[in-house]
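Chemist: sequence and predicted structure below; questions after.
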Amino acid sequence: MIDNKDKVAAIFGVRNESSIAWSIALKLHQSGCKVALSYVAETKDEVLYLMQQNGMDGSLSAEVDVRNELQITAFIQLVYNTAGPIDYVLHAVAFGTQSVMCYSLPGSTEPAPSYLDIPFEDLMDSFNISAYSLLRICRVTQPYFAKNASVLTLTYNASQRVFPGYAGMAINKAALENIMIYLASYFRDQGVRVNAISAGLVMTTSSGGILGVRRLRKMGKFTAPLGNIDADDVGDAALYYFSGLSKKVTGNIHFVDGGFNIMGLGVDGE
């Protein structure tokens, strides 16, 4: 029912078919939007294959390290020059080393890295990729936005609650949410809206290697009033923000987690 014909989207963060960003990209494509995808060297083949298999224009793609403003600029200018002003931007990029996130590898007998010992340099690199990059992408894209453009980022409830295996990354998510609301205010004169989706735990390539993820999924199955979610659920919600239906919504954190965030206690499903 949402018609995005002639709209243009620049998407950062597709890794593979299990990525939340890919689900959103596919929803946009199916709604008629011209979709441009960035990739990193290790994901290039997978991203281009997905674009080809789903009828997307592979020329609307480029390698982008979100720490590199020149690469972001080249990608955004490619999208603008090829497809036109940019209506939608998705920021779905996050990275943290094991020492930042403070988790043990599955099967390891070693204790998890200590929160007190998070290396400053590792945390700053993680912050650069996971949070500051939203500010950098918006700074670069500002001259190329279409009228009533929409920016969306992906966050997680660990910004407000303690998830021990996500520790340092939670710092980044809290910062990301703050950057989002300040950008929403900054872009008031240009009419660009900036929002975030706080997604429940989805079994992506990145999350699958973290110790305790499957236990959290099991807990979510019973604790969340509507149970666990998948990437497709996030894609559906994102389509609201990437349409005229959200034309007066900005600075919002939209939970798509089956209601997990409202619960004060875990519910035992046994």
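Modeler: That came through fine.
Chemist: in the chain, which residue is closest to the centre?
Modeler: Taking CA atoms, centre = their mean, the centroid of the chain lies closest to residue 92, which sits 2.3 Å from it.
Chemist: dump the residue contacts of that one.
Modeler: Listed by CB atoms under 8 Å, 6 or more residues apart in numbering, the contact partners of residue 92 are 11, 12, 13, 14, 19, 20, 21, 24, 153, 154. No exception for glycine: its C-beta is placed from N, CA and C like everyone else's.
Chemist: and stretch 168-185, what's buried?
Modeler: By 16 or more other CB atoms under 10 Å, the buried positions in stretch 168-185 come out as 168-177, 179-181, 183-184.
Chemist: if we can go back for a sec, would you turn the contacts of residue 92 into CSV with pLDDT, secondary structure and neighbour count?
Modeler: Converted to CSV, the contacts of residue 92 look like this (pLDDT from 0 to 100; DSSP: H, G, I helix; E, B strand; the rest coil; neighbours: other CB atoms under 10 Å):
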residue, pLDDT, secondary structure, neighbour count
11, 98, strand, 26
12, 98, strand, 22
13, 96, coil, 25
14, 97, coil, 27
19, 94, coil, 23
20, 95, helix, 28
21, 96, helix, 26
24, 98, helix, 31
153, 98, strand, 30
154, 97, strand, 23
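Chemist: for those residues, which one is nearest residue 268?
Modeler: Closest approach between the contacts of residue 92 and residue 268, by CB to CB: residue 20, at 28.3 Å.
Chemist: what's the separation between that closest one and residue 82?
Modeler: The gap separating residue 20 from residue 82 is 25 Å, by CB to CB, to the nearest Å.
Chemist: cool, and residue 154?
Modeler: On the measure of CB to CB, residue 154 and residue 82 end up 25 Å apart.
Chemist: quick check: next helix or strand after the biggest helix by length in the chain?
Modeler: Longest among the helix segments of the chain by residue count, using DSSP state H, is helix 167-186. Downstream of helix 167-186, the next assigned helix or strand under DSSP states H and E is strand 193-199.
Chemist: look up phi and psi at residue 70.
Modeler: phi -70, psi -40 (degrees, to the nearest 10).
Chemist: go on, residue 75?
Modeler: Note on residue 75: backbone dihedrals following degrees, to the nearest 10 are phi -70, psi -50.
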